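A.B. asks: fold the stuff below for me.
(one chain, ligands or ions: 1)
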Amino acid sequence: MRIAIIGAGFGGMAAAYDLKNAGQKVRIYESANYVGGLASGFKEPHWDWSVEKFYHHWFQSDSEMLGLIKELGWEDKVLFPRPLTVMYHKGKFYPFDSILKMALFPGLGFGLDKIRFGFVGLFLRLTNNWKALEKVTADAWMMKWAGRNVYEKMWKPLLVGKFGPYYDQVNMAWMWARIKARTTRLGTFEGGFQRFANLFAEHLREMGVEIRLEVSVESIKREQAQMSVKSEGESKSFDKVLVTTSPNLMAKLTPDLPKDYLKGLLELKSMGAVVMVLSLKHQLSNEGYYWFNLPKEAGYPMLALVEHTNFVSKEHFGGDHIVYAGDYLQVGHEYFSMSDEELLERFTPAFEKFNPEFQRNWVKKIWVFKTNYAQPVPLVDHSKNIPAIPTPIEGLYFASMSQVYPWDRGTNFAVEIGRRAARMMDDKQ
Ligand SMILES: Cc1cc2nc3c(=O)[nH]c(=O)nc-3n(C[C@H](O)[C@H](O)[C@H](O)COP(=O)(O)OP(=O)(O)OC[C@H]3O[C@@H](n4cnc5c(N)ncnc54)[C@H](O)[C@@H]3O)c2cc1C
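C.D. replies: Take a look at the predicted model:
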């Protein structure tokens with residue numbers, strides 16, 4: 001079979017790997033001039049490692065991704081340091097990444113609230129019944145079982161930060177999946193995610209997969225017994241096509257899809273993201289903290305402050321200290337249209353809160369990355385709204401971040417859904 005895959009993110013590349021191994025002829029179309037999609041990175045000439053455009057790490061429970069890396073023989077290149085994650089409480093930050101540190105966190109006092117927090121966490125870790133949890137919002141469930149105080153201090157800021165205006169509509173299965181699948185040790189690839197993506201692409205090319213960079217697919221149509229993929233003036237026929245873009249882009253590429261399926265794609269909600277990466281002359285967090293969870297009510301102009309070089313050594317970046325300041329936002333938020341300098345102006349007072357000695361001249365360089373499609377929003381009974389991977393058009397398949405539910409999107413689940421799609425497409429299965 002001749003197969004086209006649209007997108008050289010980890011989903012598309014994982015699907016290509018299995019389909020090629022199954023003996024199919026595979027071509028990947030990628031509109032960017034690099035592979036890796038949302039998990040891609042960039043590099044300054046004096047850096048040995050790349051930095052992800054949007055902060056990325058793996059969890060020890062990311063078995064699909066770690067399994068793929070093992071199959072490729074690169075498990076010795078995966079590192080799992082244990083960086084420090086901290087929570088805000090009354091103007092200070094407290095480590096919050098072990099049972100002991102949670103027990104010592106002053107934000108919940110030391111009485112009933114802490115016990116409720118512990119029991120709710122334990123229940124969510126132990127239960128597998130997410131189907132029951134998707135019938136209720138995280139807002140209502142947490143308010144009932146964790147109590148107002150615990151919910152408002154611990155869980156509501158997370159929901160507001162990730163989902164903005166949708167915070168009280170997101171279902172409890174999303175929260176369950178998040179608590180279930182996360183570990184305190186966080187992983188990365190030696191050299192950065194981009195190095196891994198490049199090695200993977202190189203391996204695919206050696207296997208015979210054709211990867212066409214800087215080719216944007218414009219439309220996909222069924223023509224007699226074939227799928228026709230049109231890109232920049234050229235049309236090419238394939239037996240099957242897998243699309244790994246956002247649901248919105250999928251709807252634009254394939255207008256011939258039946259109305260119901262198209263409506264389902266267009267009704268899926270998601271948040272965008274704006275992330276600034278800064279290289280600094282000095283360390284921002286004197287305590288060496290990696291991830292700062294920031295509640296919106298505390299007035300920070302960003303949701304997360306992440307000091308990457310408190311996770312991997314600054315030696316990989318020529319001594320530069322790398323910091324991310326990012327937020328999940330609805331498309332149309334002012335951050336999407338602000339210039340990089342304006343955004344830096346907005347963020348600068350917050351950097352002083354992390355380190356009173358911070359000065360504007362610590363900033364060597366900034367980069368700002370924006371995406372309309374960063375985080376799918378799962379509403380109540382969301383499993384009914386997930387578009388099927390095989391679409392109603394014979395030979396056309398769709399696998400995106402919006403379909404990995406109940407799991408929260410991530411490269412691990414991009415690999416999982418890419419491989420699942422490949423099994424469905426391979427006629428020998
Ligand atoms: C802010 C942020 C933080 C994140 N943090 C983490 C994390 O810590 N850990 C983690 O594992 N994951 C994280 N993720 C999620 C992770 O990046 C994604 O789940 C994963 O990369 C999705 O892979 P994909 O292959 O499904 O899609 P994508 O990576 O989006 O790949 C789709 C590809 O399709 C291409 N494309 C689009 N349109 C066309 C067209 N018309 N023609 C040709 N090509 C096209 C795009 O250029 C892109 O390369 C994060 C994401 C964001 C936004």
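
A.B. asks: next, give phi and psi for I5.
C.D. replies: With angles defined as degrees, to the nearest 10, I5 sits at phi -120, psi 130.

A.B. asks: which strand residues bridge it?
C.D. replies: I28, L242 (DSSP bridges).

A.B. asks: need the contact list for it.
C.D. replies: 12, 15-16, 19, 26-29, 241-242, 244 (CB atoms under 8 Å, 6 or more residues apart in numbering). Quick note: C-beta positions are derived from backbone N, CA and C, even for glycine.

A.B. asks: neighbour-wise, give me the winner out of those residues.
C.D. replies: In terms of neighbour count, A15 stands highest of the contacts of I5 at 31 neighbours, by other CB atoms under 10 Å.

A.B. asks: using the three-state scheme, assign that residue.
C.D. replies: helix (DSSP: H, G, I helix; E, B strand; the rest coil).

A.B. asks: ok, it touching V243?
C.D. replies: No - contact criterion CB atoms under 8 Å: A15 and V243 do not qualify, at 10.5 Å.

A.B. asks: please enumerate the shared neighbours of these two.
C.D. replies: A399.

A.B. asks: and the lowest-mean-pLDDT helix or strand in the chain, what does it pack onto?
C.D. replies: Taking mean pLDDT, DSSP states H and E as the measure, the chain has helix 99-104 as its least confident helix or strand, at a mean of 76. In terms of contacts (3 or more CB pairs under 8 Å, 6 or more residues apart in numbering; DSSP states H and E), helix 99-104 is packed against strand 92-95, helix 112-126.

A.B. asks: if we can go back for a sec, ok, and which of the contacts of I5 reach the ligand?
C.D. replies: Residues shared between the contacts of I5 and the neighbourhood of the ligand are 12, 29, 244 [CB under 6 Å from any ligand atom].

A.B. asks: does K364 really touch V277, like I thought?
C.D. replies: No - using CB under 8 Å, K364 is not in contact with V277, being 11.2 Å away.

A.B. asks: how close does L213 sit to the ligand?
C.D. replies: As for L213, its distance to the ligand is 9 Å (criterion: CB to the nearest ligand atom, to the nearest Å).

A.B. asks: for F196, that is, sorry about that
C.D. replies: For F196, the distance to the ligand - CB to the nearest ligand atom - is 11 Å.

A.B. asks: doesn't that residue belong to a helix?
C.D. replies: Yes - counting by three-state DSSP, F196 is found in a helix.

A.B. asks: confirm that I322 sits in a helix.
C.D. replies: No - counting by three-state DSSP, one finds I322 to be strand, located in no helix.

A.B. asks: what about it, neighbour count?
C.D. replies: 25.

A.B. asks: mind listing the helices for the stretch 151-300 of the chain?
C.D. replies: Secondary structure of the stretch 151-300 of the chain (DSSP state H, counting those that start in this stretch): helices at 156-163, 172-180, 193-207, 247-253, 259-267.

A.B. asks: and for G111, the neighbour number?
C.D. replies: 8.

A.B. asks: I figured R420 was touching F398, is that so?
C.D. replies: No - counting by CB under 8 Å, F398 is not a contact partner of R420; they are 11.8 Å apart.

A.B. asks: now for the two: what residues contact both?
C.D. replies: Common contact partners of R420 and F398 (CB under 8 Å, 6+ apart): I389.

A.B. asks: who has more neighbours, the two?
C.D. replies: Under the criterion of other CB under 10 Å, the comparison of R420 against F398 puts F398 first, with 28 against 20.

A.B. asks: need the ones next to the ligand among the contacts of I5 in CSV (columns: pLDDT).
C.D. replies: Below are the ones next to the ligand among the contacts of I5 laid out as CSV (pLDDT from 0 to 100):
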residue, pLDDT
G12, 98
Y29, 98
T244, 98
